[in-house]
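Peer 1: please find the sequence and the predicted model below.
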Amino acid sequence: AVLGSLQFGYNIGVINAPQKVIEQSYNETWLGRQGPMDPGSIPPGTLTTLWALSVAIFSVGGMFSSFLLGIIS
């Protein structure tokens with residue numbers, strides 16, 4: 001039981017490794033949707049919010065999948 005929580009904590013920390021790549025993808029998507037009428041990068045506050053939601057959804061997804069694992073097995 002102790003090692004399971006260690007692994008979960010490690011996996012939460014690992015999500016910060018690709019942060020720059022994911023933020024660049026968010027920025028490219030933002031630019032693609034805004035079009036040539038509004039050139040510029042994504043506002044820093046919006047980028048921080050999107051990143052925070054991505055990290056939070058990762059944890060929530062793990063919680064829901066752990067609930068479903070008992071039903072599936």
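Peer 2: All right, it came through fine. For clarity, every value in this text was computed on a predicted model and none was experimentally measured.

Peer 1: closest to the centroid, which residue in this protein?
Peer 2: Centre of the chain computed as the mean C-alpha position; nearest residue by Cα atoms, centre = their mean is residue 54, 2.4 Å away.

Peer 1: before we move on, which element is the residue lying closest to residue 62 once chain neighbours are set aside in?
Peer 2: Sequence neighbours aside, residue 8 is the residue nearest to residue 62 in space, at 7.0 Å (criterion: Cβ to Cβ, 6 or more residues apart in numbering). Every residue, glycine included, has its C-beta placed from N, CA and C. According to DSSP states H and E, residue 8 maps onto helix 2-14.

Peer 1: residues making contact with that helix?
Peer 2: 55, 58-59, 62 (Cβ atoms under 8 Å, 6 or more residues apart in numbering).

Peer 1: equivalent analysis for stretch 25-36, please.
Peer 2: 39-42, 46-47, 50-51.

Peer 1: in ChimeraX, select just the buried ones from the residues you listed.
Peer 2: Remark: buried members of the contacts of stretch 25-36, expressed as a ChimeraX selection using 16 or more other Cβ atoms under 10 Å:
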select :42,47,50,51
